[in-house]
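Visitor: sharing a model prediction with you, sequence too.
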Amino acid sequence: HLGMRGSRGGVANAFFLRFCGRNKALRRHSRGALFSTDDRFFTGDGSRLPKNVGIVGGGLAGLSTAFHLLQKCPAMNITILDSSPAGVGGASAVAGGLVHPLSPRGKLVFMGLEGLASTNRLIRAASEFGEKIVLRTEIFRIDNQKEPRGVLPKTAKELPHLATWLDVTTDDEQWKLIRERESGIEGALRLHGGCQVVHMPSYLKGLWSACQSTGDGQKKWIQDENFALAGYPWNERLAEYDCVVFAAGAGLFQSSMLDTDIFEKKTQLVRGQSIEMTVDNEDHLVVENALLCGKYVSPLPENNRVLIGATHEYKREPLTRDEVEAELRDRSHAFASAIWTKGSIDQITSGYRVQSNRGKHGRLPIIGSFESRYHSNSWIFTGLSSRGLLYHGVFGDMLSDMIIGRMKENDFADIDWWKKG
């Protein structure tokens, strides 16, 4: 274990009190067996607990689920099945890496604080096994002056531990440097208190190392390019496992692993393309800060390099290189003109993500059990969309509790939204 036992009750209980505050029995359960790591609280007959778990997909969803299962069931054997090694391939590996709990309009999203706390625990665990995972410990959310007046300052007042409002009168060195480079910027939220920038490939590799070092069961990563092919014999491949979690994101749909008629009305596949750039000058301060304003500028581990993203593409044909550059330049130039002026494009990265339909709580992931033609004990975790970093920890935690029987899916109000009508 990584010294994190017992640290999760506050977040999880806050979630339950929010959803189940009127259910006295459930409140009692949430303070006891539901979140305890003590073996005596395992569900009834120990034989019901899966011993060998196969997880299809080693991105954010798969690794979060694996880590939480291993923390709760140290003797469990976990196998990740992926077409690529850890930290390579898929939307998770090319994401921008900005961890924060705000919506595009600058308001706190549903379960934002719970998600931030859970993600930070995973980042700390991963950081024990990797370098340069956390690149920055603050993000500047630029005011584009299109939000209703006062929204961002109000967010700073409501969340002083996470956000500080900056305007033209604020005496702050980093803020002054940003305004000197981008003269049109007049206000911003400095996001801190757990808001940060992570290097996604390094984080995913570190999180897998944390899984390997947790518990005493077997941990394996099976890599096979054929996993991505339609028609792969998954029935045979998955037969050895007691339980299977499908967490491959867009790959579940692109390889026809899922019965699409179940999910096609609940989700969309969205292509995102981003640009890696090098700023060709000696002023490293041009790329020092993470900036967010619809699009984002995210520093990379190497000096004078940044990631600018991302497009949101719904059409079958991807945007061309010139179209990607034109869109991202147009949408980020107001707060990143110095980078576009002094920088050169190194490469364009691309990935697909599963975007769930918007509901009363925004876009929630798809998690829970489902009937699969490949295994009798199948679970799914997908649809993280653009909130993958914020939500993968807290929902992976919940899914692991469902898998080992500590919780029932109907204990969560609206968590089974995708199974309804």
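Guide: On my side now, so go ahead.
Visitor: can we go C-alpha only for contacts and neighbour counts from here?
Guide: Will do.
Visitor: got a list of contacts for stretch 210-230?
Guide: With contacts defined as C-alpha atoms under 8 Å, 6 or more residues apart in numbering, stretch 210-230 is touched by 1-2, 63, 66-67, 70-71, 73-85, 125-126, 128-129, 232, 251, 254-257.
Visitor: which ones among those residues are found in strands?
Guide: Counted as lying in strands by DSSP state E, out of those, are 77-82.
Visitor: among the contacts of stretch 210-230, name the buried ones.
Guide: When these are checked for burial by 16 or more other C-alpha atoms under 10 Å, the buried set is 63, 66-67, 70-71, 73-85, 125-126, 129, 251, 257.
Visitor: narrow the contacts of stretch 210-230 to those in helices?
Guide: Per DSSP state H, helices hold the following members of those: 63, 66-67, 70-71, 125-126, 251, 254.
Visitor: for residue 316, the count of nearby residues, please.
Guide: Neighbours of residue 316 under the rule other C-alpha atoms under 10 Å: 9.
Visitor: again but with residue 149, I slipped
Guide: By other C-alpha under 10 Å, 10 other residues sit near residue 149.
Visitor: what does residue 236 give?
Guide: With other C-alpha under 10 Å as criterion, residue 236 counts 10.
Visitor: could you list the buried residues of the host helix or strand of it?
Guide: In this assignment (DSSP states H and E), residue 236 forms part of helix 234-238. Judged by neighbour count (16+ other C-alpha under 10 Å), helix 234-238 contains these buried residues: residue 238.
Visitor: same check on stretch 163-183?
Guide: 163-167, 175, 178-179, 181-182.
Visitor: gap between the two ends of it?
Guide: The straight-line separation of the ends of stretch 163-183 (C-alpha to C-alpha, to the nearest Å) is 22 Å.
Visitor: could you list which of the buried residues of stretch 163-183 belong to strands?
Guide: Using DSSP E, the subset of these located in strands is 163-166.
Visitor: in terms of pLDDT, where does the residue of the chain most remote from its centre sit?
Guide: Going by C-alpha atoms, centre = their mean, the residue of the chain most distant from its centre is residue 169, 35.0 Å out. With respect to pLDDT, residue 169 scores 93.
Visitor: again, but for the one 5 residues further on
Guide: The pLDDT attached to residue 174 in the predicted structure is 89.
Visitor: list the contacts of it.
Guide: If you count contacts by C-alpha under 8 Å, 6+ apart, residue 174 has none.
Visitor: neighbours of the closest residue to residue 300 other than its chain neighbours, how many?
Guide: Once flanking residues are discounted, residue 300 sits nearest to residue 306: 5.1 Å by C-alpha to C-alpha, 6 or more residues apart in numbering. By other C-alpha under 10 Å, the residues close to residue 306 number 28.
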